[in-house]
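Visitor: need coordinates for the below:
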Amino acid sequence: MNTLVILLIVAAVLVIPTLLVIGLYNGLVQLRNRYKNAFAQIDVQLKRRYDLIPNLVETAKAFMQHERETLEAVIQARNAATAAREQASPADGGSMHSLANAESGLGGALGRLFALSESYPELRSNQNMLQLQEELTSTESKVAFARQAYNDAVMHFNNKLEMFPSNLIAGIFGFVSATSFEVSDDSERENVAVKF
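Guide: Numbers count the residues shown, from 1 in each chain. As a prediction, this is how the structure comes out:
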């Protein structure tokens, strides 16, 4: 009987910590996959946004022939944002900062385009421009919601990464903290005004 009790105690001492490690590891993997999925959702919405911009510029170009510099600035900002999006990785703070900066630059260029478009009444009443405005507004909302979901997922993952005892497991298995997708300056905190 004493041998059976000793075997049960030894088994419990080995099994319980093993189950704890497995549970903590799987929890970290689940949270990491959740923020990666949330980032993929941002990626989808940003791509949609970037795909709308050339159509917007082409439509505006017909009416705003004297504003070539502004139109080119929008395209350059879009290209920079697209390149930053392709390089962005939640585990790389530098690439996330670059993406936030590129998004800020794109928002500024779009803001200048929208401000200039106020001087062109024909453009504001153009059916293609009105449809693009609606699609861009919808996409901007989707980007904001996707960013919020991503940042929430990153916060949960990073919290778990720092809390005891999961921080021990994270260190052993090489988990690294994720970077939130935060605005790079205060002007980015405001919504892009999409008005025609």
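
Visitor: got a list of contacts for the lowest-mean-pLDDT helix or strand in the chain?
Guide: Ranked by mean pLDDT, DSSP states H and E, the helix or strand of the chain with the weakest confidence is helix 121-124, at a mean of 78. Contacts of helix 121-124 from elsewhere in the structure, counted by Cβ atoms under 8 Å, 6 or more residues apart in numbering, are 59-60, 63-64, 117-118, 129, 196. Heads up, the C-betas are built off the backbone N, CA and C, glycines and all.

Visitor: so who does A60 touch?
Guide: 67, 71, 113, 117, 123, 129.

Visitor: who wins for most neighbours among the residues you listed?
Guide: Highest neighbour count within the contacts of A60, by other Cβ atoms under 10 Å: S117, with 23 neighbours.

Visitor: just give me the longest helix of the protein.
Guide: If you go by DSSP state H, the chain has its longest helix at helix 2-63.

Visitor: need the residues that contact the very next helix or strand once past that helix.
Guide: Going down the chain from helix 2-63, the next helix or strand is helix 68-87, by DSSP states H and E. By Cβ under 8 Å, 6+ apart, the surrounding residues in contact with helix 68-87 are 43, 46-47, 50, 53-54, 56-57, 60-61, 64, 95, 98-99, 101-103, 105-106, 108-110, 112-113, 116.

Visitor: buried members of those into PyMOL, please.
Guide: Written as a PyMOL command, the selection of buried residues from the contacts of helix 68-87, which uses 16 or more other Cβ atoms under 10 Å, is:
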select buried, resi 43+46+50+53+56+57+60+64+95+98+99+101+102+103+105+106+108+109+110+112+113+116
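
Visitor: L20: which of the contacts of A60 is nearest?
Guide: If you rank the contacts of A60 by distance to L20 using Cβ to Cβ, L113 comes first, at 55.9 Å.

Visitor: so who does that closest one touch?
Guide: Taking Cβ under 8 Å, 6+ apart, one finds 56-57, 60, 67, 70-71, 74 in contact with L113.

Visitor: per-residue pLDDT, it?
Guide: pLDDT for L113: 88.

Visitor: which strand or helix spans it?
Guide: Short version, using DSSP H and E: L113 is in helix 93-117.
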